[in-house]
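K.L.:
just to be clear, the model below is a prediction. Sequence and coordinates:
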Protein chains: 2
Amino acid sequence: EIVAAVELALSDGPLRGKRVLVTSGPTHEPIDPVRYIANRSSGAQGTAIASALASLGAEVVFVTGPADVAPPSGVKVVAVQSAAEMLQAVQNALPVDAGVFAAAVADWRVKRESNSKIKKQDGKLPILEFAENPDILAEVSQMKKDRPGLVVGFAAETDDVIANATAKRKRKGCDWIVANDVSPETGIMGGTENAVHLITDDGVEDWPRMGKGEVARQLAERIAAALG
Amino acid sequence: EIVAAVELALSDGPLRGKRVLVTSGPTHEPIDPVRYIANRSSGAQGTAIASALASLGAEVVFVTGPADVAPPSGVKVVAVQSAAEMLQAVQNALPVDAGVFAAAVADWRVKRESNSKIKKQDGKLPILEFAENPDILAEVSQMKKDRPGLVVGFAAETDDVIANATAKRKRKGCDWIVANDVSPETGIMGGTENAVHLITDDGVEDWPRMGKGEVARQLAERIAAALG
């Protein structure tokens, strides 16, 4: 960590003096004290992006759910569990020059979290009512005050990747969307590679399949160019 | 692993020649390709028990859900995700001299797993219908053929620990229940210590709070005495 801090201090990269927020990992939404709803995000792509941004000299605030991979060094780590906690951490991190929202935030939480373990009762199944989680990407994209100059969202899709992601960009109001296909047959979710499409005002760029570290480096360079 | 194998081969412990099954960890029940229901079991206690049984010379089949801790060396590891997969692996492991069912198996699975990511639609919340999972402990305890000579269940409770666990022992038909209090305030779930009650035909024994490794060693010795 000392090495990373020194590297950062010495860094003369294009993002020197810029503050960037990165969200990463899954969220866990509690059902009761022992059960929760999770998603298969490993946090690998978000972690690689935070690391790449820090290497270019950015001051990175890294808001992470319970990920499989360790957070990168040289960034400020804020660990959260649920979407509600993640939104709070994001709001606390503002203002920033750019925000990269790579976390796989749960769309829904359980409406009434139980304080006791829900018991099995003869022939009766639990009924879980859901409530919509805060939409962190949309909230930040549509802020009147403190909206980052560049807001980058992610769209993990299993069908109609480009169409769904293009619609998502418009609906949320973010500047860029990084879209990928997470169908089980691609092996992307939880794997080491990613095949993304970058969707901006200028249209759709199809990036070749490459390591998540390389996706991160190229995205960080694009962000540096956009903020430069 | 070679050292562990040699230790096992040289072992002259009281469980030499005995075959013991241990289940451990949480199960993950899929909702769709990216979401699942999980529970907070780290797998630490089950892993420690498998390790302790192996040290006493047992041939251990270790059926584990996606745990936080690595499986012990010197055991046969069978990795599973869901309760249905765990039951299948348990059936494949029989016959055994004793079965220790330490896994935190999900009581319910989602009735209809979706092959596509469930999408957020304006104002509409998903409805998740549940189906009851196989009750692995009850099924094994009530087997006519191949029932292990000793079946040990676990009861992780947040309220009325002894009463709930005693009722569970009777309902399932297992021989022993290891009961513990997993209320958030105890710090047991995910922690390094455990405070258990061993419930047998002879009544309830309250064990003092101790490390999970020590709980495992004492339980393994009791199992050796029971099988000896």
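P.N.:
Cool, the structure landed.
K.L.:
CA only for contacts and neighbour counts going forward, please
P.N.:
OK.
K.L.:
for chain B, what are the nearby residues on chain A?
P.N.:
Residues of chain A lying close to chain B by Cα under 8 Å from any Cα of the partner chain are A:33-41, A:107-108, A:116-117, A:120, A:125-132, A:157-159, A:183-184.
K.L.:
again, only this time at 7 Å
P.N.:
A:33-40, A:116-117, A:125, A:130, A:158, A:184 (Cα under 7 Å from any Cα of the partner chain).
K.L.:
from the residues you listed, which ones fall inside strands?
P.N.:
Those of the residues of chain A next to chain B mapping onto strands are A:35-39, A:130, per DSSP state E.
K.L.:
closest to residue B:163 among these?
P.N.:
Distance to residue B:163 across those (Cα to Cα) is lowest for residue A:35, with 21.7 Å.
K.L.:
coming back round to it: buried among the residues of chain A next to chain B? Need that as a selection in ChimeraX.
P.N.:
Buried residues among the residues of chain A next to chain B (16 or more other Cα atoms under 10 Å in any protein chain shown), as a ChimeraX selection:
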select /A:33,34,35,36,37,38,39,40,116,117,130,158
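K.L.:
residue B:146: which of the residues of chain A next to chain B is nearest?
P.N.:
Nearest to residue B:146 among those, counting by Cα to Cα, is residue A:125 at 30.3 Å.
K.L.:
what pairs with the residue lying closest to the closest one once chain neighbours are set aside across the strands?
P.N.:
Counting by Cα to Cα, 6 or more residues apart in numbering or on different chains, residue A:125 lies nearest to residue B:130, which is 6.5 Å off, once chain neighbours are set aside. Applying DSSP bridges to residue B:130 gives these bridge partners: residue B:110.
K.L.:
who are the neighbours in contact with residue B:130?
P.N.:
A:125, B:108-111 (Cα atoms under 7 Å, 6 or more residues apart in numbering or on different chains).
K.L.:
assumed residue A:225 was part of a helix.
P.N.:
Yes. Membership of residue A:225 in a helix is supported by DSSP: H, G, I helix; E, B strand; the rest coil.
K.L.:
that one: neighbour count?
P.N.:
Here the number of neighbours of residue A:225 (other Cα atoms under 10 Å in any protein chain shown) works out to 11.
K.L.:
where's it relative to chain B, distance?
P.N.:
As defined by Cα to the nearest Cα, to the nearest Å, residue A:225 lies at a distance of 33 Å from chain B.
K.L.:
residue A:19 too?
P.N.:
Taken as Cα to the nearest Cα, the span from residue A:19 to chain B is 31 Å.
K.L.:
what strand or helix carries the residue nearest to residue A:52 when sequence neighbours are not counted?
P.N.:
Leaving aside its sequence neighbours, residue A:52 sits nearest to residue A:217 (Cα to Cα, 6+ apart; 5.3 Å). For residue A:217, the host element (DSSP states H and E) is helix A:212-227.
K.L.:
could you pull out the buried residues of that helix?
P.N.:
Applying 16+ other Cα under 10 Å to helix A:212-227 flags A:212-217, A:219-221, A:223-224 as buried.
K.L.:
report pLDDT for the residue nearest to residue A:125.
P.N.:
We have a pLDDT of 87 for residue B:130.
K.L.:
and the one 4 residues further on, by the same measure?
P.N.:
According to the prediction, residue B:134 has pLDDT 94.
K.L.:
of all the residues of chain A next to chain B, which two lie farthest apart?
P.N.:
Pairwise distances across the residues of chain A next to chain B peak at 35.2 Å for A:116 and A:158 (criterion: Cα to Cα).
K.L.:
what bits of chain A have low per-residue confidence?
P.N.:
Residues of chain A meeting the criterion pLDDT under 70: A:1-11, A:121-123.
K.L.:
which parts of it are helices?
P.N.:
A:2-10, A:44-55, A:83-93, A:136-141, A:161-172, A:212-227 (DSSP state H).
K.L.:
looking at the ones you listed, which is buried most?
P.N.:
Neighbour counts (mean count of other Cα atoms under 10 Å in any protein chain shown) averaged over each of those peak at helix A:44-55, with a mean of 26.
K.L.:
who touches it?
P.N.:
With Cα under 7 Å, 6+ apart, helix A:44-55 has contacts from A:22-25, A:60, A:62, A:69, A:71-72, A:74-75, A:102-103, A:212-213, A:216-217, A:220.
K.L.:
buried subset of the residues you listed?
P.N.:
Using 16+ other Cα under 10 Å, the buried ones in the contacts of helix A:44-55 are A:22-25, A:60, A:62, A:71-72, A:74-75, A:102-103, A:212-213, A:216-217, A:220.
K.L.:
ok, so of the buried residues of helix A:212-227, who is nearest chain B?
P.N.:
Using Cα to the nearest Cα, residue A:212 is the member of the buried residues of helix A:212-227 that lies nearest chain B, at 18.4 Å.
K.L.:
would you agree the closest one is in contact with residue A:194?
P.N.:
Yes. The criterion here is Cα atoms under 7 Å, and residue A:212 meets it with residue A:194 at 5.6 Å.
K.L.:
what is the neighbour count of residue A:13?
P.N.:
There are 15 residues near residue A:13, going by other Cα under 10 Å.
K.L.:
who's in contact with it?
P.N.:
A:56-57.
K.L.:
and it, how far is that from chain B?
P.N.:
36 Å.
K.L.:
which residues touch the closest residue in space to residue A:38 that isn't next to it in sequence?
P.N.:
Computed as Cα to Cα, 6+ apart, the closest residue to residue A:38 that is not its neighbour in sequence is residue A:28, at 4.9 Å. Residues in contact with residue A:28 (Cα under 7 Å, 6+ apart) are A:36-38, A:81-82.
K.L.:
just residue A:141 next, same as before
P.N.:
Applying Cα under 7 Å, 6+ apart, we find residue A:141 in contact with A:147, A:151, A:172-174.
K.L.:
among the residues you listed, which one sits closest to chain B?
P.N.:
residue A:172 (12.7 Å).
K.L.:
so the closest one sits against residue A:138, correct?
P.N.:
Yes. Assessed by Cα under 7 Å, residue A:172 is found in contact with residue A:138 at 4.4 Å.
K.L.:
run a quick neighbour tally on residue A:148.
P.N.:
Other residues near residue A:148 number 21, with proximity taken as other Cα under 10 Å.
K.L.:
what does the one 5 residues further on give?
P.N.:
As a burial measure, residue A:153 scores 28 neighbours (other Cα under 10 Å).
K.L.:
I'd say it and residue A:178 touch.
P.N.:
Yes. The pair residue A:153 / residue A:178 is scored as a contact, 6.2 Å apart, by Cα under 7 Å.
K.L.:
what about stretch A:199-206, how long is it end to end?
P.N.:
With Cα to Cα, to the nearest Å as the measure, stretch A:199-206 spans 9 Å from end to end.
K.L.:
buried sites along that stretch?
P.N.:
A:199-200, A:204.
K.L.:
nearest to chain B among those residues?
P.N.:
Using Cα to the nearest Cα, the buried residues of stretch A:199-206 come closest to chain B at residue A:199, 19.8 Å.
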